[in-house]
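Engineer: Got a predicted structure here, sequence first:
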Amino acid sequence: MTIPANDAFSLGLAHDQPRRSSSRARTPSLPRRSSSPKVSFSPPSTSNSLVFSPQPANGMPAKRGHKRKASARNGSQQLKQNGEATIEELIEEVDARIARERKLPTGSSPDKRNIVKKQIDWEIPRKALHSSIGFFTIYLYTSQGNPQTVVIALSSALAVLVPIDILRLKYPLFEHAFEKCVGIFMRDSEKKSSNGVIWYILGANTALIALPLDIAVVSILILSWADTAASTFGRLWGPLTPPLPARLLGLPLAPRKSLAGFIAASLTGAAVAAGFWAYLGPMRDNLTWSWDAGVSSAFSGGSAEGGKVFSGWVGLAVVTVCAGLVSGVAEALDLGSVDDNLSLPIIAGGCLWGLFKVLGWLGDIFL
């Protein structure tokens, strides 16, 4: 390598002069070093070295990207020749190790992780208790149980449960003891608020007091089974179905409800109504609707003939469809802080009562 004399002289002066921080102390007599021509370095070519030419054969300047790619390819080839692992092989090894740790197939990308499903709390003890009330209700109905006795028993239970619930919310020690005994039947949201069993008994008692016996029984069965079906299938298939609209026929629907839960509640409510009035209802007298007589004369303006318009399959189909829709909508309603154990039997029973009133009125018109 040869350096011009003038550059060597100027370089020597530049290194010999001590640097000073102040610009005033610089010697004005020393001229600035002029720019020297570029010096090209040509390293000796060996068999294991990489040769870069500043000018390609065609005379056009080479781009930096091409040099980097060429160097990477040549470097990988040299590593392979020397028996060392290349960058690609190292990356594949790391990906395979990550895949083994995440239990993915070896050829898959580590970014495709297994989707861990959120663990579902099925509330099995709570749902078992919730559903058992329906079977107990059927037993009381078919065994000719007195509804007034049931109302007295439920009211007595309320007289005991309400003071216990007040003590539970007021005293932490009592709350700890209470939850240790029956905590498996409670939701986490109920541990700091009123117990759902109280609202359940209130809803059932209200239906038994205010409604005819067969309608009250159907409303309690809807509470017991349709609500359980909506909760179970909503948690099972709710994420796979779209959410319900914010409003249906002007009624506010809860945003947490899903189409799967709505369908489950509707089908269960329809099955409850059809099964009860077709098989269980005739075990007692004074029915609101029967297969032969249709709608009771108490709902058809005193005319027995008017009620027969909706007897048989026609009447059963109308009652079944309407009961199913009422069950689905009543279970999905958003009523704020009102517990659905209280609202569901009251709304379902009230709508069924109004349905029979409308059917009796239409029977008198069509007669």
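Structural biologist: Right, received. Where do you want to start?
Engineer: which other residues reach the strand or helix carrying Thr232?
Structural biologist: Element membership of Thr232, judged by DSSP states H and E, is helix 227-237. Residues outside helix 227-237 that contact it (Cβ atoms under 8 Å, 6 or more residues apart in numbering) are 120, 122-123, 127, 130-131, 257-258, 260-265, 267-268, 328, 331-332, 340-341, 344. (Glycine included, C-beta is placed from N, CA and C.)
Engineer: Narrow those to just the buried residues.
Structural biologist: Burial by neighbour count, 16 or more other Cβ atoms under 10 Å: within the contacts of helix 227-237 this picks out 123, 127, 130, 257-258, 260-265, 267-268, 328, 331-332, 340-341, 344.
Engineer: Output the below-cut-off pLDDT ranges for the stretch 101-250 of the chain.
Structural biologist: Counting by pLDDT under 70, the ranges of the stretch 101-250 of the chain that qualify are 101-122.
Engineer: can you map out the strands along it?
Structural biologist: For the stretch 101-250 of the chain, the strands defined by DSSP state E, counting those that start in this stretch cover 247-248.
Engineer: For it, which segments count as helices?
Structural biologist: Secondary structure of the stretch 101-250 of the chain (DSSP state H, counting those that start in this stretch): helices at 124-142, 147-170, 172-182, 196-210, 213-221, 227-237.
Engineer: The fourth one relative to helix 172-182, how many degrees between them?
Structural biologist: Read that as helix 196-210. 70 degrees (axes from the mean of the first three to the mean of the last three Cα atoms, to 10 degrees).
Engineer: Mind listing what's buried along helix 196-210?
Structural biologist: For helix 196-210, by 16+ other Cβ under 10 Å, it's 196-208.
Engineer: Just put those in CSV and tack on distance to Phe356.
Structural biologist: What follows is these, written out as CSV (distance: Cβ to Cβ, whole Å):
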residue, distance to Phe356
Gly196, 30
Val197, 30
Ile198, 30
Trp199, 26
Tyr200, 25
Ile201, 26
Leu202, 24
Gly203, 20
Ala204, 20
Asn205, 22
Thr206, 18
Ala207, 15
Leu208, 17
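Engineer: Can you name the two of these that sit furthest apart?
Structural biologist: Greatest spatial distance among the buried residues of helix 196-210 (Cβ to Cβ): Gly196 and Leu208, at 18.7 Å.
Engineer: Sketch out the low-pLDDT regions of the stretch 251-367 of the chain for me.
Structural biologist: Those would be 302, 304, 367, if you go by pLDDT under 70 across the stretch 251-367 of the chain.
Engineer: Would you map the strands across it?
Structural biologist: 251-252, 289-290, 294-295.
Engineer: for Leu173, what are its contacts?
Structural biologist: Applying Cβ under 8 Å, 6+ apart to Leu173 gives no contacts.
Engineer: coming back round to it: and the strands of the stretch 251-367 of the chain, which is most packed in?
Structural biologist: Mean neighbour count (mean count of other Cβ atoms under 10 Å) peaks for strand 294-295 among those, with a mean of 28.
Engineer: That strand - contacts with which helices or strands?
Structural biologist: Applying 3 or more Cβ pairs under 8 Å, 6 or more residues apart in numbering; DSSP states H and E, we find strand 294-295 packed against helix 304-307, helix 312-332, helix 340-366.
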